[in-house]
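>>> sequence first, predicted model second:
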Amino acid sequence: MNVKSESLTEPNPDLDISMQIIKSFLEHMEYTLGKDRYTSLQRDVYTALSYAVRDRLITRWLDTQQSYYNDDPKRVYYVSMEFLMGRSLENSLINLGLLDDFRNSMESLGYDFSTILSEEEDAGLGNGGLGRLAACFLDSMATMSIPAYGYGIRYEYGIFRQKIIDGAQIEVPDNWLRYTNPWDLDRQHHLHEVKFYGKVIETINGNGERHHQWVDTENVMAMAHDTPIPGYGTNTVNTLRLWSAKATREFDLKFFNEGNYIRALEKKMTSENISKVLYPADNVQEGRELRLKQEYFLASSTIFDIIYRYKKIHKDLRNLHEKVAVQLNDTHPALCIPELMRILMDHEGFTWDEAWEVTRKTFAYTNHTILPEALEKWPIWFFEHILPRHLMIIYEINDKFLIEARKRFPNDEVRIGRMSIIEENWERKIRMAHLAIVGSFSVNGVAALHSEILKKELFADFYEMYPEKFNNKTNGITQRRWLKKANPGLAGLITEAIGDSWVTDLAQLKKLLPLAEDPAFRSRWHDVKVAAKMHLAEYIFKHNCLKIDTGSMFDCQVKRIHEYKRQLLNVLHLIALYNRLKRGLTSDIPPRTFIFSGKSAPSYTMAKLVIRLICGVADVINNDPEVGDRLKVVFLANYNVSLAEMIFPASDLSEQISTAGTEASGTGNMKFTLNGALTIGTLDGANIEIMEEVGEENIFIFGMNSKEVENLRKNYSPRDWYNGNSELKTVIDMIGWGAFSPGAPNLFQPIIEMLLSNGDYYMHLADFASYQAAQELAGRIYLDKDEWIRRSIINTAGVGKFSSDRTIQEYASEIWGVVPHRVGGWSRNPGEESSAAHSVVQS
């Protein structure tokens, strides 16, 4: 149906931009929220202002979708279980070019603009690097005018809010949607039925063709919620579509008629649990079952939506891949592959070969982990119970694949067993990574080393069989959020020095290199860094009641807490540093503030114990008058995007110390470098490429490389390293006898056992001496503040390769086969640039 869309918020051309903003804000306060200056709360101010900003996105958003419909470009569908978006208000204003106008307008009304911005909740749609990468990619695709949609789940509760109580992580619900979310447009008419459980009936027609019906299912409705994703300096506003679970209209009439009203509605109420929480507990069967249902819920509703949109213009689904590229962000959305097969065969009448030809040309898979235990595997009986039709399809995919594999590798059943999608152990499981590889036309890693490990080790058999599928796409970050928004002081200094083209072409930062030799510029760079450190110090004092020296080195490790990321190695070193200070060895040790932040999975006992150790060490050191301000340790609770935006600009030293060969890429390393921090790290993930860009002399590399780790692990005896290093031995003994847990001397005994008795799998002890030497070098250079600032500038100048714009350009040209699609023309006044208010919009 075609309808005319008339803009209700078109600015009056007789009013200047400030008056338009004020008028829009006040109208939303009164007419949308039903408040005035006497009854409005600070939250109402934020909400009304967000609606005023959203008005300026809507016409561009409609123009974008109409342009895609009219011109029919090939589109990208980026499917991810996580999108760690952060706050939207300021980011939208930056991309619209209206930040200063809105700030000035609100301040003219007597409001504090920073207070308004702080009212926004971080969207609880992700946890770590996987979700933040997806958010950066959405920003880049919109900025580069790539026709794209993001697809995820609208979790009612995020990962969790982390509190630190008596040194321990306590998880409390992250009810980020408890207030109105002005960036969320629910599409109540856009519902899709998702099926679970039931049974499959197979029939054979007169031609001997098999047909399948999935019947007696329990059904849930998926409702769409859309968030606008504006590009920077462009008229493109793409869409992030999130699905929420809703109960179907039916209920059990038998129980209702018996008067058992609660039982009648029970299943309908529990069906909505699917989109309640990000990452349900995976240490109990109910949590794992819910997780699988979430993954299929996302896959089913997304594939339905893609086909629905395609069929608006096209009739023949055999050409789907010519207009559609689906990128699977890790294995979580891999059920999209059998779901598309199911729809094509069971609903569209395709033969197996026809459906498989379409499917394998449509999907591309990004791998994000090289840890074998992190590769998803689902028990067969889960699928038999929850997704019986998909199990049949996966079995047939595997059968046909193994026929092909045996032709390629005859008489090699050991290899065939390794490659099978079905793992044939005591509990048969589906290897989701293998399904994703077999069902996709492209498989990419996210850093050069990571991609080589995929090809030569983790998926070597598949690479030998399908070498053309494998490629590398080194991750990137959006400089709009991580420099222009997060660090306006540094962004302003850079723009003053080299212009603002770096905002859309990060390689322009190379122009900073000559300025690293300019004493006056170094002085201004230093002043910006100090201001950022003061801002973070104020936050730490407010939330941790700890006063820190802003002249100290801010040594930062902020990321998910996991053994392979080796927060424990950092702690071992800082205890050794503490012991040196206690012995009076202070001549070449600058004052340091060690800053940790990150969440552990609720069921990850060792990671949670490392958090307790960090806090225990902090309690001892921060209260030791002999050390004073020379050493402080702080753990900042509830790490999220907004907290990261304070930490990165203030950091001096970036800790990227994972065991070589375990980190796929990392993007925190890029954010730190962009903001002028120097990296101390192993030859792991993207650290290698950062070293190549900034120069070996401007980064502190230590430890074994991945090959050395692999070789040592064959004969590794951590006790030899413990006994061979008296300083390290003292540190471990202190932890073991309770120096940092005086009320519970055995509290950290599991850490000691992990290091000394259980093999120290991530080789903390083997890398300790090298790490300590690199830290000593970093400390000596930091004492020469001018030299440190020079290297800081060089690091920022060398980070141009690591823009997500570059990454997306490579995906677009080398995997997806899409080109930019310009929408209208850029204009600062939203009332002038868009024709959507007077155009026909496809309903």
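Alright, I've got the coordinates.
>>> surely Asp68 touches Arg75?
Just so we're on the same page, residue 68 is Tyr rather than Asp. Yes - judged on C-beta atoms under 8 Å, Tyr68 makes contact with Arg75 at a distance of 6.7 Å. Using the backbone N, CA and C atoms, a C-beta is placed for each residue, glycine as well.
>>> what do the two both touch?
Residues within reach of Tyr68 and of Arg75 at once, by C-beta atoms under 8 Å, 6 or more residues apart in numbering, are Pro147.
>>> what sits against Lys35?
Lys35 touches Met29, Asp44, Ala48, counting by C-beta under 8 Å, 6+ apart.
>>> now do the contacts for the nearest residue to the first one once chain neighbours are set aside.
Closest residue to Met29 in three dimensions, ignoring its sequence neighbours and counting by C-beta to C-beta, 6 or more residues apart in numbering: Ala48, at 4.2 Å. Shown here is Ala48, whose contacts under the criterion C-beta under 8 Å, 6+ apart are Phe25, Leu26, His28, Met29, Thr32, Leu33, Lys35, Ser40.
>>> measure Ala48 to Asp36 for me?
As judged by C-beta to C-beta, to the nearest Å, Ala48 and Asp36 stand 11 Å apart.
>>> poorly predicted segments of the stretch 151-300 of the chain, please.
249-269 (pLDDT under 70).
>>> which element is the residue sitting furthest away from the middle of the chain on?
Ranked by distance from the centre of the chain (C-alpha atoms, centre = their mean), the top residue is Gly206, with 51.1 Å. Following DSSP states H and E, there is no helix or strand that holds Gly206.
>>> before we move on, what about Asn746?
Per DSSP H and E: nothing holds Asn746, as it lies in no helix or strand.
>>> hmm, who's touching stretch 567-580?
Under C-beta under 8 Å, 6+ apart, the answer for stretch 567-580 is 557, 561, 586, 589, 592, 594, 596, 598, 610, 613-614, 617, 621, 624, 627, 631, 633, 655, 657, 727-728, 730-732, 734-735, 751, 764, 767-768, 771-772, 775.
>>> ok, and the closest non-adjacent residue to Ile421?
Closest to Ile421 by C-beta to C-beta, 6+ apart is Asn398, at 4.1 Å.
>>> contacts only, for that neighbour.
By C-beta under 8 Å, 6+ apart, the residues touching Asn398 are Ser420, Ile421, Ile422, Val438.
>>> most neighbours of all those residues, which one?
Val438 (27 neighbours; other C-beta atoms under 10 Å).
>>> can you tell me how far that one is from Ala325?
Going from Val438 to Ala325 by C-beta to C-beta gives 18 Å.
>>> measure stretch 320-327 end to end?
Length of stretch 320-327, first residue to last, C-alpha to C-alpha, to the nearest Å: 14 Å.
>>> buried residues, that stretch. List them.
Within stretch 320-327, the residues scored as buried using 16 or more other C-beta atoms under 10 Å are Leu320, His321, Lys323, Val324, Ala325, Val326, Gln327.
>>> of these, which is the nearest to Thr807?
Using C-beta to C-beta, Gln327 is the member of the buried residues of stretch 320-327 that lies nearest Thr807, at 11.7 Å.
>>> and that closest one, helix, strand or coil?
strand (DSSP: H, G, I helix; E, B strand; the rest coil).
>>> and Phe554, that's in a strand?
Yes - residue state for Phe554 (three-state DSSP) corresponds to a strand.
>>> for Ala660, see how far away the nearest residue to it once chain neighbours are set aside is.
Spatial nearest neighbour of Phe554, excluding adjacent residues (C-beta to C-beta, 6+ apart): Asp652 at 4.7 Å. Per C-beta to C-beta, Asp652 is found 24 Å from Ala660.
>>> same check, this time on Gln162
Distance from Gln162 to Ala660, counting by C-beta to C-beta: 29 Å.
>>> now do the phi/psi pair for the most centrally placed residue in the chain.
Central residue of the chain (C-alpha atoms, centre = their mean): Gly131, 1.9 Å from the mean position. For Gly131, the backbone dihedrals (degrees, to the nearest 10) come out as phi -70, psi -40.
>>> what confidence value was assigned to it?
Note on Gly131: pLDDT of 92.
>>> pretty sure it contacts Tyr78?
No - contact between Gly131 and Tyr78 fails when scored by C-beta under 8 Å: they sit 11.9 Å apart.
>>> secondary structure class for Ile611?
helix.
>>> can you pull the contacts of it?
Counting by C-beta under 8 Å, 6+ apart, Ile611 makes contact with Ile164, Gly167, Ala168, Gln169, Ile561, Ser600, Phe635.
>>> mind running it again at 7 Å?
Shown in contact with Ile611 (C-beta atoms under 7 Å, 6 or more residues apart in numbering): Gln169, Ile561, Ser600, Phe635.
>>> for stretch 720-739, which outside residues touch it?
Against stretch 720-739 from outside (C-beta under 7 Å, 6+ apart): 572, 575-576, 579, 613, 620, 745, 748-749, 751-752, 755-756, 765-766, 768-769.
>>> just the buried ones from those residues?
Applying 16+ other C-beta under 10 Å to the contacts of stretch 720-739 flags 572, 575-576, 613, 620, 748-749, 751-752, 755-756, 765-766, 768-769 as buried.
>>> next, give me the two most distant ones among the residues you listed.
Greatest spatial distance in these: Val620 and Ala766, 26.5 Å, computed using C-beta to C-beta.
>>> below-threshold pLDDT in this structure: ranges please.
Counting by pLDDT under 70, the chain contains low-confidence ranges at 1-15, 249-269, 825-843.
>>> buried ones in the helix ranked longest in it?
Assignment by DSSP state H gives helix 42-71 as the longest helix of the chain. By neighbour count, with 16+ other C-beta under 10 Å as the criterion, the buried positions of helix 42-71 are 44-68.
>>> same deal with stretch 124-132?
Of all the residues in stretch 124-132, those buried under the rule 16+ other C-beta under 10 Å are Gly124, Leu125, Gly126, Asn127, Gly128, Gly129, Leu130, Gly131, Arg132.
>>> could you do stretch 708-727 as well?
Buried residues in stretch 708-727 (16+ other C-beta under 10 Å): Glu708, Val709, Arg713, Tyr716, Pro718, Trp721, Tyr722, Asn725.
>>> ok, of these, which one's closest to Leu242?
Nearest to Leu242 among the buried residues of stretch 708-727, with distances taken as C-beta to C-beta, is Val709, at 39.6 Å.
>>> contacting residues around the closest one?
Residues in contact with Val709 (C-beta under 7 Å, 6+ apart) are Thr659, Ala660, Gly661, Met763.
>>> return the subset of the residues you listed lying in strands.
Under the assignment DSSP state E, the contacts of Val709 contribute nothing to strands.
>>> can you select the buried ones among the contacts of stretch 567-580 for me in ChimeraX?
A single ChimeraX command selects the buried members of those (16+ other C-beta under 10 Å):
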select :557,561,589,592,594,596,598,610,613,614,617,621,627,631,633,655,657,728,731,732,734,735,751,764,767,768,771,772,775
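>>> among the contacts of stretch 567-580, which ones are in strands?
Per DSSP E, these map to strands at Gln557, Arg592, Phe594, Phe596, Leu631, Val633, Glu655.
>>> farthest-separated two in the contacts of Asn398?
Longest span within those, C-beta to C-beta: Ile422 and Val438, 11.6 Å.
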